[in-house]
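Enquirer: fold the following and give me the result.
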Amino acid sequence: MQIIRITTTSLCCILAGFISSVFIKWDWSFILIPTLISLAVSLSNFDRISFPKKLIGILLHWFLSIVIFIITIGITVFILSPMGMHAMYIGSALAAILFALITNINLAFPKFWVSMVVIFVLSLLVWPISDYMHAHPTFKFAALNGRENIITIWCSLVGFGIALGVHHRKCNPDDKSLD
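Expert: Residues are numbered from 1 along each chain as shown. Have a look, this model is predicted:
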């Protein structure tokens, strides 16, 4: 694994989540979330983008991120809302899996199914961690006031899962660099 690349991508995603949560309003600014996380993942892995024209790959990733974000919000609010809090877990996991799938178009995951399971599990941890941070005052930061910390936690955990997926090497028995 490439620890520096995983750390860089994860830190970019944390920053994207933090910026999104600071500037979030209940209007058009929700577009900041998919925009910033898609740019964080794409730009921190620019050299690994599979499209010959990298800018087209970045724009495609950005556009598809916005589309899945809107679809996920719609499904969570309008279809799953009778499920109560379970809708939030499902919506978080759905958004994470769809984001991972569109990221896999640009940045291939060497171990696809393992990456999907890791991202799914990390996305399920978003709500418990967020509730814990909200309930315990020692974890409150001025910028993460209220429930906006969900955005930062989701971007952080899903970004970390994406980074692990993109930078996970397949084990090659002839490769002596792993020793």
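Enquirer: residue ranges with poor pLDDT in this protein?
Expert: In the predicted model, the chain carries pLDDT under 70 at residues 1, 25-29, 136-148, 169-179.
Enquirer: what segments of it are helices?
Expert: 3-23, 32-44, 54-74, 85-106, 112-124, 126-135, 149-166 (DSSP state H).
Enquirer: can you pull the buried residues of the longest one?
Expert: In other words, helix 85-106. Using 16 or more other CB atoms under 10 Å as the test for burial, helix 85-106 gives 87-100, 102-104, 106. For the C-beta atoms, the positions are set from N, CA and C on the backbone; glycine is no exception.
Enquirer: need the residue closest to the centroid of this protein.
Expert: Note on the chain: the residue nearest the mean C-alpha position is V158, at 3.4 Å, using CA atoms, centre = their mean.
Enquirer: who's in contact with the nearest residue to that one once chain neighbours are set aside?
Expert: In space, V158 comes closest to A96 once its chain neighbours are excluded; the distance is 4.7 Å by CB to CB, 6 or more residues apart in numbering. The contact partners of A96, taken as CB atoms under 8 Å, 6 or more residues apart in numbering, are 119-120, 122-123, 154, 158, 161.
Enquirer: swap the cut-off to 7 Å and go again
Expert: By CB atoms under 7 Å, 6 or more residues apart in numbering, the contact list for A96 reads 119-120, 123, 158.
Enquirer: mind checking how far it is from F112?
Expert: A96 is 15 Å from F112, where distance means CB to CB, to the nearest Å.
Enquirer: ditto for G17
Expert: As judged by CB to CB, G17 and F112 stand 25 Å apart.
Enquirer: from P34, how far out is the residue nearest to V158?
Expert: Taken as CB to CB, the span from A96 to P34 is 12 Å.
Enquirer: do the same with H168
Expert: From H168 to P34 the distance is 24 Å (CB to CB).
Enquirer: who has more neighbours, the two?
Expert: P34 (25 against 18; other CB atoms under 10 Å).
Enquirer: pretty sure that one contacts I71?
Expert: No - using CB atoms under 7 Å, P34 makes no contact with I71, being 10.8 Å away.
Enquirer: kindly compare burial across the helices of the chain and name the winner.
Expert: Mean neighbour count (mean count of other CB atoms under 10 Å) peaks for helix 149-166 among the helices of the chain, with a mean of 25.
Enquirer: that one packs against which elements?
Expert: helix 3-23, helix 32-44, helix 85-106, helix 112-124, helix 126-135 (3 or more CB pairs under 7 Å, 6 or more residues apart in numbering; DSSP states H and E).
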